[in-house]
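**Q** based on what follows, work out the 3D shape:
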Amino acid sequence: MAMISENHRSIFYDKPYFGFGGGIRTRNENLIFGTIELRLIYYPRTIEDISSFNIRLTGNLRIKYSAGFVRAPGFVRYN
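**A** Next up is the predicted model:
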């Protein structure tokens, strides 16, 4: 919730701005996306150019190298 007002008015003159939100978050260490999060937000009362709905999908991408590219260190043999 936020109370916004002009300089010459009290913050209690207008109605407050507030929003409702919810979401879902999943985590799996075996997938390329470790964590995926979906957020839904609704603002019943907004100002000029702001949308009433907001949807966000975020995730962290982890690159896993296969065993063929990365090997344990070894000795160099000369002929």
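
**Q** which residue is nearest the centroid of this structure?
**A** Nearest residue to the geometric centre of the chain (CA atoms, centre = their mean): T58, 4.5 Å.

**Q** is it in contact with E37, as I believe?
**A** Yes: T58 is within contact range of E37, at 4.9 Å (criterion: CB atoms under 8 Å). Quick note: C-beta positions are derived from backbone N, CA and C, even for glycine.

**Q** just the terminal-to-terminal distance for stretch 30-46.
**A** Stretch 30-46 has an end-to-end distance of 41 Å (CA to CA, to the nearest Å).

**Q** just how off-centre is that stretch within its chain?
**A** 6 Å (CA atoms, centre = their mean, to the nearest Å).

**Q** who touches it?
**A** Here stretch 30-46 makes contact (CB atoms under 8 Å, 6 or more residues apart in numbering) with 15, 17-28, 50-64.

**Q** mind listing what's buried in that stretch?
**A** Y43 (16 or more other CB atoms under 10 Å).

**Q** what is the neighbour count of Y17?
**A** As a burial measure, Y17 scores 15 neighbours (other CB atoms under 10 Å).

**Q** same question but for E6, I mixed them up
**A** E6 has 9 nearby residues by other CB under 10 Å.

**Q** shift numbering so it begins at 30
**A** That works, and once the first residue is 30, the last one we named lands at E35.

**Q** quickly note the distance from it to F47.
**A** Applying CB to CB, to the nearest Å, the value for E35 to F47 is 19 Å.

**Q** re the thing from before, now, the contacts of stretch 59-75 that are in strands?
**A** 49-56, 82-90 (DSSP state E).

**Q** if we can go back for a sec, quick one: contacts for the residue nearest to the centre of the chain?
**A** So T87 contacts I65, E66, R68 (CB under 8 Å, 6+ apart).
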